[in-house]
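Participant: Compute the structure for the input listed below.
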Amino acid sequence: MSEIFKKLQEAAQTAQDANSSAESMKHLTNAFSLFSKEAKRLQNSYDILEDRFNLVNKKLLEKEKDLTSTINDLDSITSYLNNILKNISQGILFIDLDGIITTYNSSCEKILEKDSKTILFNSYLDNFADDFFGFSMKDALFFKSSQKMSFVNFNIKNEKKEVEVTTSFVFDCPPSYQGIIIMLRDVTKLQKLQILANRNDRLKELGEMAASVAHEIKNPLGAIRGYASLLFRDLSENRHLQDMASYILDGTKALERVVNNVLHYTRPINLDLSSINIGDLILEIIKSIKIDIYFSEKIKIQTHLSEKDLFIPADKELIKSALFNILINSYQSMEDKEGLLTISLIKNSMNCLIDISDTGQGIEEENLENIFSPFFTTKPNGNGLGLTEANKIVEAHFGSIEVRSKKNRGTTFTITLPLTR
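Facilitator: Numbers count the residues shown, from 1 in each chain. Have a look, this model is predicted:
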């Protein structure tokens with residue numbers, strides 16, 4: 001470009017220095033011709049550049065469209081994955097190599113009861129102990145190792161939780177994306193169901209065995225009682241020997257009561273269902289308890305009925321018997337016949353919950369799993385069938401009984417009954 005300007009300047013200078021106007025015009029004509037050629041060349045270059053610009057611009061627009069589509073797809077995939085993480089039943093945490101928690105889904109919030117706002121993108125050690133999940137997080141991140149599946153017990157807000165912990169270390173990515181994934185599964189309810197299943201299996205086996213034994217005992221027991229009655233009659237003139245025969249009769253009567261209880265327990269329960277007001281039934285049972293000769297006036301009864309009129313489908317007499325057996329067990333556990341008996345009725349979306357709490361001597365932890373077993377009792381005069389029968393009745397109503405107890409502090413029975421069949 002500078003060469004062209006130089007030539008034009010020289011042509012203009014030559015035209016100016018020319019001796020005649022004809023010579024000057026000639027030089028100017030040459031200068032304009034040179035200018036026209038250069039202008040045409042510039043126009044051609046401009047046209048070429050414009051075409052190239054339009055082509056590049058078209059490609060850029062296509063690339064922009066592709067990138068926008070890719071970003072939208074990535075946003076959709078991200079949203080999809082976030083929804084999966086949010087709604088998956090397992091709790092998922094991801095801790096990067098710097099110990100920062102970058103993933104913490106809603107199931108984790110429910111299991112650990114810690115708000116994601118205080119957890120996400122903050123240091124793991126600021127919120128959890130190093131061995132909170134049963135292994136050293138510092139060592140796992142340092143050595144880039146994962147742990148075998150384990151079960152950890154958490155005490156969260158005075159609630160004991162059994163949690164299955166599974167870990168996996170992420171290797172196949174750049175270091176900035178490496179870290180450890182922790183998957184949590186709350187198996188507390190599963191453990192309770194397993195306990196109930198084991199309890200039912202044990203009760204079934206014991207029931208079948210007890211029924212078989214009862215049948216085997218009943219016939220010879222009847223013969224013993226018959227002969228003892230004859231002996232008692234024939235010894236009317238010998239009072240001393242007759243008294244001895246009466247002991248045999250009393251013993252056979254006691255054994256017959258046990259046999260009849262066993263046979264009654266092993267029979268299936270047939271429900272006579274109707275819609276009953278469970279609150280009114282509880283108040284009716286309390287009136288019956290207060291006139292029981294074994295009930296002490298030193299025991300205070302408190303009721304907390306959140307629903308005055310709460311109707312459930314149930315067999316009134318059987319549910320009454322079950323609640324009565326549990327209440328008898330509760331007030332008989334209080335030493336010196338003194339204490340507090342609390343009965344609460346609570347309704348949730350699907351069930352009604354009846355809490356029966358006492359301030360008695362409590363149940364040893366090793367005995368908690370046996371209290372619903374037939375013939376298991378810690379009372380000198382108990383037969384071990386009251387709670388067993390209560391549990392059988394509640395299960396026939398598709399309900400359940402849970403027990404919490406602390407030695408010398410009392411026991412709470414929670415009876416859950418469905419609102420609908």
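
Participant: Can you give me every residue that contacts Leu353?
Facilitator: 344-347, 414-416 (Cβ atoms under 8 Å, 6 or more residues apart in numbering). For glycine as for every other residue, the C-beta is placed from the backbone atoms N, C-alpha and C.

Participant: Check which helix or strand it maps to.
Facilitator: Per DSSP states H and E, Leu353 falls inside strand 351-358.

Participant: picking that back up, which one of the contacts of Leu353 sits closest to Leu368?
Facilitator: Closest to Leu368 out of those is Thr414 (13.2 Å), distances taken as Cβ to Cβ.

Participant: Contacts only, for that closest one.
Facilitator: Thr414 sits next to 353-355, 401-404 when contact means Cβ under 8 Å, 6+ apart.

Participant: repeat that with 7 Å
Facilitator: 353, 355, 402 (Cβ atoms under 7 Å, 6 or more residues apart in numbering).

Participant: a markdown table please, covering the residues you listed and showing pLDDT and distance to Lys138.
Facilitator: Below are the contacts of Thr414 laid out as a markdown table (pLDDT from 0 to 100; distance: Cβ to Cβ, whole Å):
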| residue | pLDDT | distance to Lys138 |
| --- | --- | --- |
| Leu353 | 94 | 43 |
| Asp355 | 94 | 44 |
| Glu402 | 91 | 39 |
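
Participant: Switch those residues over to a markdown table; also include distance to Thr14.
Facilitator: Formatted as a markdown table, those follow (distance: Cβ to Cβ, whole Å):
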| residue | distance to Thr14 |
| --- | --- |
| Leu353 | 113 |
| Asp355 | 117 |
| Glu402 | 115 |
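
Participant: where are the low-confidence patches of the stretch 201-350 of the chain?
Facilitator: 203, 206-207, 210, 261-267, 336 (pLDDT under 70).

Participant: which residues in it form helices?
Facilitator: Using DSSP state H, counting those that start in this stretch, the helices assigned to the stretch 201-350 of the chain run over residues 239-266, 278-290, 316-332.

Participant: do you know which of those helices lies nearest Gly362?
Facilitator: Using Cβ to Cβ as the measure, helix 316-332 is the one of these that comes nearest Gly362, at 11.1 Å.

Participant: Show me which positions of the closest one end up buried.
Facilitator: Using 16 or more other Cβ atoms under 10 Å as the test for burial, helix 316-332 gives 316, 318-332.

Participant: Give me the contacts around it.
Facilitator: Under Cβ under 7 Å, 6+ apart, the answer for helix 316-332 is 269, 271, 274, 276, 281, 285, 289, 295, 299, 341, 356, 358, 360, 379, 386-387, 389-390, 393-394, 411, 413.

Participant: Mind giving me the packing neighbours of whatever helix or strand Asn198 lives in?
Facilitator: According to DSSP H and E, Asn198 maps onto helix 188-234. Contacts defined by 3 or more Cβ pairs under 7 Å, 6 or more residues apart in numbering; DSSP states H and E place helix 188-234 against strand 159-170, helix 239-266.

Participant: between the ones you listed, which gets nearest to Leu112?
Facilitator: Taking Cβ to Cβ, strand 159-170 is the member of the helices and strands packed on helix 188-234 nearest to Leu112, at 8.6 Å.

Participant: what about the closest one, distance to the chain center?
Facilitator: 13 Å (Cα atoms, centre = their mean, to the nearest Å).

Participant: One more: stretch 154-172?
Facilitator: Taking the mean of its C-alpha atoms, stretch 154-172 sits 12 Å from the chain's own mean (Cα atoms, centre = their mean).

Participant: What are the contacting residues of it?
Facilitator: 111-113, 133-134, 144-147, 149-153, 178-188, 191.
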